[in-house]
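K.L.:
give the three-dimensional model of this entry:
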Amino acid sequence: CVALLAYQLNLKMSLLSLRPEVEVLREKLEIFVEEECIPAEHEYEEHMKDRHGRERWAPDAIPPVITRLKAMARELGFWNLFLP
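P.N.:
Predicted coordinates:
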């Protein structure tokens with residue numbers, strides 16, 4: 001527990017020093033994860049629940065929710081963040 005608390009404190013301190021434009025991006029990303037990605041986990045799990053072994057890697061195994069989230073991420077500017 002102490003290590004986790006130290007990690008969280010260090011993370012919070014490092015977030016305090018973000019450049020303003022990066023802070024805006026972090027806030028948008030946090031909202032996206034909380035409002036879109038986390039609620040979509042149920043849809044993902046429901047789609048994958050009966051797929052085992054090789055079935056999990058078939059082209060039709062990709063849940064539609066992933067395609068929707070990818071499109072939303074692109075629209076919000078979260079796609080390929082490492083590219084200028």
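K.L.:
go ahead and flag the most central residue of the chain.
P.N.:
residue 33 (5.2 Å; Cα atoms, centre = their mean).
K.L.:
residues in contact with that residue?
P.N.:
If you count contacts by Cβ atoms under 8 Å, 6 or more residues apart in numbering, residue 33 has none. In this view, the C-beta of every residue, glycine as well, is placed from N, C-alpha and C.
K.L.:
and the helices in the chain?
P.N.:
2-15, 20-32, 38-48, 64-75 (DSSP state H).
K.L.:
so which of those helices comes closest to residue 56?
P.N.:
Smallest distance to residue 56 across those (Cβ to Cβ): 6.7 Å, for helix 38-48.
K.L.:
so for the closest one, what's the average pLDDT?
P.N.:
Average pLDDT, helix 38-48: 94.
K.L.:
starting at the chain centroid, how far to it?
P.N.:
Centroid displacement of helix 38-48 relative to its chain, using Cα atoms, centre = their mean, to the nearest Å, is 13 Å.
K.L.:
do stretch 54-70 as well
P.N.:
On Cα atoms, centre = their mean, the centre of stretch 54-70 falls 16 Å from the chain's centre.
K.L.:
ok, back up a step: would CSV of the helices of the chain with distance to residue 55 and mean neighbour count be doable?
P.N.:
Output for those, formatted as CSV (distance: least, Cβ to Cβ, whole Å; neighbours: other Cβ atoms under 10 Å):
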stretch, distance to residue 55, mean neighbour count
helix 2-15, 37, 9
helix 20-32, 29, 12
helix 38-48, 9, 13
helix 64-75, 16, 13
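K.L.:
of those, which is nearest residue 82?
P.N.:
Across these, closest to residue 82 is helix 20-32 (Cβ to Cβ), at 12.7 Å.
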